[in-house]
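In: using only what follows, build the 3D model:
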Amino acid sequence: MLTDREQRALNEIERELCTTDPRLSAKLDRGSGRRRRSAFEVLATITGVVLAATGVFDSRPGMIVAGVVTLAVFLGGPFAVRHWKSGGR
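Out: Residues are numbered from 1 along each chain as shown. I've put the predicted structure just below:
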């Protein structure tokens, strides 16, 4: 917890930063880029790992295909999302 004096000093530093470097200020306002995973993301990851492991250890053609597709999604998914977020650049 900050004292009143420290809080005022921090507020002054923030105001000064906003006026001298608005780009940095906006970037800091967005945060560090870390975020909590949603329940859907955790469930999708667990399901993907189970499908990939089943595809590796099961000799049925359908499970092998499921494992290969899951692996492709795991490897290509982050690149696709990054491409989509950047507007296709």
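In: contacts for stretch 14-26, please.
Out: Contacts to stretch 14-26, defined as CB atoms under 8 Å, 6 or more residues apart in numbering, come from residues Leu28. Every residue, glycine included, has its C-beta placed from N, CA and C.
In: tell me how far the ends of that stretch are from each other?
Out: One end of stretch 14-26 sits 11 Å from the other (CA to CA, to the nearest Å).
In: what segments of this protein are helices?
Out: Secondary structure of the chain by DSSP state H: the helices cover 4-20, 22-30, 39-57, 61-85.
In: measure Met1 to Gln7 for me?
Out: As judged by CB to CB, to the nearest Å, Met1 and Gln7 stand 9 Å apart.
In: now the helices of the chain as CSV including mean neighbour count and mean pLDDT?
Out: Formatted as CSV, the helices of the chain follow (neighbours: other CB atoms under 10 Å; pLDDT from 0 to 100):
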stretch, mean neighbour count, mean pLDDT
helix 4-20, 10, 87
helix 22-30, 10, 77
helix 39-57, 13, 73
helix 61-85, 12, 74
